[in-house]
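In: quick one, fold the following:
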Amino acid sequence: MSADLGPAVTQLIADRGLLTRTSTAERVAAILRERIAQGSFPPGSRLSEERIGQALGISRNTLREAFRLLTHERLLVHRLNRGTFVRVLTAADIADIYRVRQVVECAAVRSHGMTPRPLDQVEAAVDEGRRAAEAGAWADCGTANIHFHQAIAGLAGSERLDDMMRGVLAELRLAFHVMDDPRRFHEPYLTRNRELVTALASGDTAGAEQMLGFYLEDSRRQLAEAYPDGAGLPG
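Out: The predicted structure is shown next:
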């Protein structure tokens with residue numbers, strides 16, 4: 001698979017300001033993880049050490065350490081004598097990602113019923129999706145949906161879960177690339193996201209959890225049906 005990553009690498013130049021002289025591989029990994037979650041680097045793309053390192057103004061060793069971190073998170077894969085690539089998920093990956101999502105997101109909604117937390121970030125993600133849809137920017141709508149579910153997981157109030165879900169949801173974003181019609185896939189979930197927020201805001205935690213359970217199962221089924229048989233690269 002080959003893709004023109006020029007625009008994605010150019011975006012990284014703007015990210016250079018997020019780094020400091022004491023920047024670490026973890027910060028670089030966080031930037032790349034977010035770009036993957038935004039859909040900038042599609043599955044199967046080869047990541048050029050030279051171009052990305054220059055864009056971020058970092059050393060090759062720092063970048064390689066960041067690549068190693070993201071490989072551990074299953075976002076990248078290193079191929080001997082070929083380089084580092086954005087991972088192509090398998091159907092089994094999709095199933096496992098949704099197992100994690102069912103456990104974490106539904107538990108986060110339940111915890112909100114016991115210890116309510118502000119819904120600002122959840123509502124902001126809903127508004128982000130609405131604006132993207134109004135602009136016809138369906139890839140951005142997918143990014144907004146990732147932000148929505150990160151905010152749902154955030155209702156648990158756990159930094160460790162937040163860190164884990166950033167990786168899981170960035171991995172999920174790689175699966176969105178198989179959808180031939182992103183509008184048809186994402187548009188119905190804009191309404192469902194709003195319904196979830198309404199239920200949470202009204203205190204109907206049980207109803208929100210039930211809605212979320214059906215929602216995740218519908219999303220999993222759609223991706224599983226769209227995923228090509230045998231998709232994915234070994235490793």
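In: those strands in this structure, which residues are they?
Out: 46-47, 76-79, 83-86 (DSSP state E).
In: run through who's touching the last one.
Out: For strand 83-86, the external contacting residues (C-beta atoms under 8 Å, 6 or more residues apart in numbering) are 36, 41-49, 67, 71, 75-79, 174, 233. Where you see a C-beta, it was placed from the backbone N, CA and C, and this is true even at glycine.
In: give me the buried entries from those residues.
Out: Buried members of the contacts of strand 83-86, scored by 16 or more other C-beta atoms under 10 Å, are 36, 41-45, 47, 67, 71, 75-77, 174.
In: pick the one among those residues closest to residue 117.
Out: Closest to residue 117 out of the buried ones among the contacts of strand 83-86 is residue 36 (27.2 Å), distances taken as C-beta to C-beta.
In: isn't the closest one right up against residue 175?
Out: No - using C-beta atoms under 8 Å, residue 36 is not in contact with residue 175; the gap is 11.8 Å.
In: per-residue pLDDT, residue 34?
Out: pLDDT recorded at residue 34 is 88.
In: which ones are touching it?
Out: Per C-beta under 8 Å, 6+ apart, neighbours of residue 34: residue 170.
In: repeat that for residue 119.
Out: 197, 200-201.
In: which of the residues you listed tops the neighbour count?
Out: Using other C-beta atoms under 10 Å as the neighbour criterion, residue 200 leads the contacts of residue 119 with 25 neighbours.
In: quick check: closest non-adjacent residue to that one.
Out: residue 208 (5.0 Å; C-beta to C-beta, 6 or more residues apart in numbering).
In: so what pLDDT did residue 175 get?
Out: 88.
In: give me the below-cutoff pLDDT ranges for the protein.
Out: 1-5, 17-23, 228-235 (pLDDT under 70).
In: quick check, central residue of it?
Out: Nearest to the mean C-alpha position of the chain, by C-alpha atoms, centre = their mean, lies residue 170 at 2.7 Å.
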